[in-house]
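Colleague: any chance you can model this:
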Amino acid sequence: MLGIGRKVPRRVGLLGGSFNPAHPGHRHISLEALKRLDLDAIWWLVSPQNPLKERRGMAPFARRLAAAAALAAHPRLAVLDVEARLGTRYTVDTLKLLRRRFPHVHFVWLMGADILVELRRWRRWPAIFESVPVAVFARPTYCHRALAEIAAHRFRRHRVPPGAARLLADMAPPAWTFLPVRLDWRSATEIRSQAAPRRRAAQRRRS
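Modeller: Numbers count the residues shown, from 1 in each chain. Below is the predicted model of the structure:
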């Protein structure tokens with residue numbers, strides 16, 4: 001069953017992305033979500049190829065999936081190849097099929113504030129808010145921009161205060177919250193930029 005097993009949790013947070021590479025910031029958000037949203041599990045949905053990102057510089061899918069699984073290392077964090085199995089490219093389609101496949105699961109879509117800033121570029125992004133509750137986590141330098149974005153304004157009447165976030169999974173969408181968690185400065189872009197000089201130096205040594 002999509003690599004999930006027979007016993008499916010009731011309240012599940014979904015964290016999608018390229019995970020290129022997975023890093024401790026993903027784990028930080030996931031553990032905060034378990035605690036603050038009273039979830040049973042978090043599913044990392046590793047995307048075979050983000051439609052908004054270039055293939056160049058994207059590590060092979062199997063490598064990203066394995067690295068994410070090694071980093072997660074927690075009994076309530078599951079790393080899944082759901083989009084590869086379902087054949088979906090866009091989050092809105094993935095959510096539709098997951099909700100159909102697991103009608104009794106209460107899903108919450110998780111994202112960092114940096115993703116909320118770029119959400120206007122996603123296909124049918126309002127349908128994401130209308131499909132499942134959404135939790136947005138603070139990210140360095142993005143918080144003010146995120147809350148000024150079109151998504152935050154469009155659904156401002158449906159914003160849930162952080163103090164009520166534990167109830168979010170049981171709320172009918174649209175419902176979303178912004179959580180001012182401890183800021184984590186790590187990002188996949190930064191990790192790749194730091195790794196590039198090391199790779200070039202290693203190549204020079206081998207040549």
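
Colleague: does N50 touch S18 like I think?
Modeller: Yes: N50 lies in contact with S18 (CB atoms under 8 Å); the separation is 4.9 Å. Any C-beta I mention is one placed from the backbone N, CA and C, and that applies to glycine too.

Colleague: can you give me the strands in this protein?
Modeller: Shown for the chain, the strands assigned by DSSP state E span residues 11-17, 41-46, 77-80, 106-112, 134-137, 159-160, 176-179.

Colleague: return the distance of stretch 30-39 from the chain's centre.
Modeller: 13 Å (CA atoms, centre = their mean, to the nearest Å).

Colleague: also stretch 11-24?
Modeller: 4 Å.

Colleague: and what of stretch 127-139?
Modeller: Between the centre of stretch 127-139 and the centre of its chain there are 10 Å (CA atoms, centre = their mean).

Colleague: using PDB, list the CA coordinates for that stretch.
Modeller: Extracted C-alpha coordinates of stretch 127-139, given in PDB (Å, rounded to 0.1, in the frame of the first residue of the first chain):
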ATOM      1  CA  ALA A 127      -7.100  23.800  -4.200                       C
ATOM      2  CA  ILE A 128      -4.400  22.700  -1.700                       C
ATOM      3  CA  PHE A 129      -5.900  24.900   1.000                       C
ATOM      4  CA  GLU A 130      -9.300  23.800   0.100                       C
ATOM      5  CA  SER A 131      -8.400  20.100   0.200                       C
ATOM      6  CA  VAL A 132      -6.500  19.700   3.600                       C
ATOM      7  CA  PRO A 133      -5.500  21.900   6.500                       C
ATOM      8  CA  VAL A 134      -2.100  23.600   6.100                       C
ATOM      9  CA  ALA A 135       0.600  24.300   8.600                       C
ATOM     10  CA  VAL A 136       3.300  26.900   7.700                       C
ATOM     11  CA  PHE A 137       6.500  26.900   9.700                       C
ATOM     12  CA  ALA A 138       8.700  30.000  10.200                       C
ATOM     13  CA  ARG A 139      11.900  30.100   8.100                       C
END
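
Colleague: now it: mean pLDDT?
Modeller: Averaged across stretch 127-139, pLDDT comes to 97.

Colleague: what ranges in the protein fall below the confidence cut-off?
Modeller: 1, 3, 5, 183-207 (pLDDT under 70).

Colleague: and the residue nearest the centre of it?
Modeller: Centroid-nearest residue in the chain: L15, 2.5 Å away (criterion: CA atoms, centre = their mean).

Colleague: list the contacts of stretch 58-71.
Modeller: Under the contact criterion CB atoms under 8 Å, 6 or more residues apart in numbering, stretch 58-71 has outside partners 18-24, 26-27, 44, 46, 48-49, 79, 81, 84.

Colleague: mind running it again at 6 Å?
Modeller: Stretch 58-71 has contacts (CB atoms under 6 Å, 6 or more residues apart in numbering) with F19, N20, P21, A22, W44, V46, P48, V79, D81.

Colleague: which one of the residues you listed is nearest V160?
Modeller: Using CB to CB, W44 comes nearest to V160 of those, at 23.6 Å.

Colleague: contacting residues around that closest one?
Modeller: For W44, the contacting residues are L15, A68, V79, by CB under 6 Å, 6+ apart.

Colleague: now those in JSON lines, with distance to A113?
Modeller: Formatted as JSON lines, the contacts of W44 follow (distance: CB to CB, whole Å):
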{"residue": "L15", "distance to A113": "14"}
{"residue": "A68", "distance to A113": "21"}
{"residue": "V79", "distance to A113": "23"}
